[in-house]
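S.K.: Give me a model of this one.
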Amino acid sequence: MRVTESLSELSARLREIAQSLRAGELEPDATVAAIEECARLAGEASAQVDQRARAALEPLPDLPGQLPLPAA
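M.R.: Numbers count the residues shown, from 1 in each chain. This is a model prediction of the structure:
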């Protein structure tokens, strides 16, 4: 499964926030906001991956004029 540009951007943003948290550059309120942003971004990334995985597993619709394959 290919990584989309959107997922790459989410990943980059998560890395930036994590780096700021590790560096201790943020005030307590900003730290809480950064953690909440990480949770939101992680949820968004998870939803995108789940959507792509489900789409890959769903059978294609029957197209007009196609005959079903015989059972093995």
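S.K.: okay, CA-based contacts and neighbour counts for the rest of this
M.R.: Fine.
S.K.: For the most centrally placed residue in the chain, pull up the helix or strand it's in.
M.R.: For the chain, the residue whose C-alpha lies nearest the mean C-alpha position (Cα atoms, centre = their mean) is Ala45; its distance is 2.1 Å. Element membership of Ala45 [criterion: DSSP states H and E] is helix 28-57.
S.K.: buried residues in that helix?
M.R.: Along helix 28-57, the positions that meet the burial threshold by neighbour count (16 or more other Cα atoms under 10 Å) are Thr31, Ala34, Cys38, Leu41, Ala42, Ala45, Val49.
S.K.: thinking again about what came up before, these two touch, right, the residue nearest to the centre of the chain and Glu5?
M.R.: No: in this structure Ala45 lies outside contact range of Glu5 using Cα atoms under 8 Å: 11.3 Å.
S.K.: Okay, and the nearest residue to the residue nearest to the centre of the chain once chain neighbours are set aside sits in which element?
M.R.: In this structure, Ala45 finds its nearest non-sequential neighbour in Leu7, 6.1 Å apart by Cα to Cα, 6 or more residues apart in numbering. Under DSSP H and E, the secondary-structure element containing Leu7 is helix 5-23.
S.K.: What residues sit buried inside that helix?
M.R.: So helix 5-23, judged by 16+ other Cα under 10 Å, has buried residues Leu7, Leu10, Leu14, Ile17, Leu21.
S.K.: Looking at these, spot the one nearest Gly65.
M.R.: Minimum distance to Gly65 across the buried residues of helix 5-23 is 37.7 Å, recorded for Leu7 (Cα to Cα).
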